[in-house]
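Chemist: sequence plus the predicted model coming up.
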Amino acid sequence: MQFKNTTETIAHLQQAAVHLAMGFERAQATRDNVELAEQMREAAAALIEMRRTTDDLIRRLRYSQRPEPR
């Protein structure tokens with residue numbers, strides 16, 4: 001997922017972190033193994049998306065700090 005600017009990217013990461021925390025809270029509250037497994041799958045998917053977004057942000061920040069060719 002591409003974002004227009006760094007602020008938007010950080011906001012997306014913050015939102016993903018909230019969803020991740022909520023998923024773990026729901027997982028802790030359940031005793032049903034099937035539901036627990038589903039919550040853990042959702043948490044894993046959120047972590048993967050956060051990693052991709054962070055990698056994209058790092059790449060854009062590094063690119064923006066490159067000195068201009070002479």
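Modeler: Perfect, thanks for sending it. Numbering: from 1, shown residues only.

Chemist: just want the most central residue of this structure.
Modeler: residue 50 (1.9 Å; Cα atoms, centre = their mean).

Chemist: quick check: it vs residue 10, distance?
Modeler: Between residue 50 and residue 10 the distance, using Cβ to Cβ, to the nearest Å, works out to 11 Å. Where C-beta positions appear, they are placed from N, C-alpha and C, glycine not excepted.

Chemist: then residue 45?
Modeler: Counting by Cβ to Cβ, the gap from residue 45 to residue 10 is 20 Å.

Chemist: surely the residue nearest to the centre of the chain touches residue 16?
Modeler: Yes. Under the criterion of Cβ atoms under 8 Å, residue 50 lies in contact with residue 16, with a separation of 4.9 Å.

Chemist: so where's the chain uncertain?
Modeler: Applying pLDDT under 70 to the predicted model, the residue ranges of the chain that meet it are 1-3, 66-70.

Chemist: quick one, helices of it?
Modeler: Listed in chain order, the helices of the chain (DSSP state H) span 6-29, 33-64.

Chemist: got a list of contacts for the shortest one?
Modeler: The contact list for helix 6-29 (Cβ atoms under 8 Å, 6 or more residues apart in numbering) reads 1, 3, 35-36, 39-40, 42-43, 46-47, 49-50, 53-54, 56-57, 60-61.

Chemist: buried among these? Make that a PyMOL selection.
Modeler: In PyMOL, the members of these classed as buried (16 or more other Cβ atoms under 10 Å) are selected with the following command:
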select buried, resi 3+39+42+43+46+49+50+53+57
